[in-house]
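**Q** I'd like to go over a predicted model; first the sequence, then the structure.
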Amino acid sequence: MPEEGMKMDDYFKGAGAELVNNVLEYGKDVGIEINTRSLYNSKNSLKVNEYARQQGKLEAFHKAIFKAYLVDDKNIGNLDILLDIAEKVGLDRSKTKAFIESEESESFVMDSKNEAVRLGINSVPSFIIGQNLIRGAYPYDAMKEMFTEAFAM
């Protein structure tokens, strides 16, 4: 993924418009506003997510990063934007940057990637309920049915 990100249409080779429209509709079903039409490299945001967890700021960071990306269409792959978001939720900017650049954070991302591969996860969103893997975004009623069935097993 280039540093500046990519338009979904370019990434999905023309199928992006339909995909985006589906996701927008699914978001409306559950009151989620989605304005982004771009994809950004989220590797560093995954690192900050882990750092925020360690610092007791996971929920605040999680909400802020999703708003920045989905609602405000911010490039969460841009280090300055990412550090601004981290700072707004109470994370120290220089310590967050040091964590992003650390071997610990790189190992965390690689371990997470390896675990996802082991579990058969190759797309987002993905959900694991018991031994059931549910991949993709669906309308609310379809998701509710899939989750109900998975929890019943």
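**A** Happy to help now that I have it. Residues are numbered from 1 along each chain as shown.
**Q** Quick check: pLDDT value at Ala98.
**A** pLDDT, Ala98: 98.
**Q** burial measure for it, as a count.
**A** 12 (other Cβ atoms under 10 Å). C-betas here are computed from N, CA, C, even on glycine.
**Q** Name the helix or strand for it, please.
**A** For Ala98, the element it lies in under DSSP states H and E is helix 93-100.
**Q** Check which helices and strands that helix is in contact with.
**A** Under the contact criterion of 3 or more Cβ pairs under 8 Å, 6 or more residues apart in numbering; DSSP states H and E, helix 93-100 touches helix 43-54, helix 79-88.
**Q** Averaged pLDDT, the helix or strand following that helix. What do you get?
**A** Using DSSP H and E, the helix or strand that follows helix 93-100 in sequence is helix 103-119. Helix 103-119 shows a mean pLDDT of 95.
**Q** again with stretch 58-77
**A** 94.
**Q** Give me the buried positions along it.
**A** Ala60, Phe61, Ala64, Ile65, Ala68, Tyr69, Leu70, Lys74, Asn75, Ile76, Gly77 (16 or more other Cβ atoms under 10 Å).
**Q** Kindly reformat these as CSV containing distance to Phe147 and secondary structure.
**A** Below are the buried residues of stretch 58-77 laid out as CSV (distance: Cβ to Cβ, whole Å; DSSP: H, G, I helix; E, B strand; the rest coil):
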residue, distance to Phe147, secondary structure
Ala60, 26, helix
Phe61, 25, helix
Ala64, 26, helix
Ile65, 24, helix
Ala68, 27, helix
Tyr69, 24, helix
Leu70, 21, helix
Lys74, 30, coil
Asn75, 32, coil
Ile76, 27, coil
Gly77, 31, coil
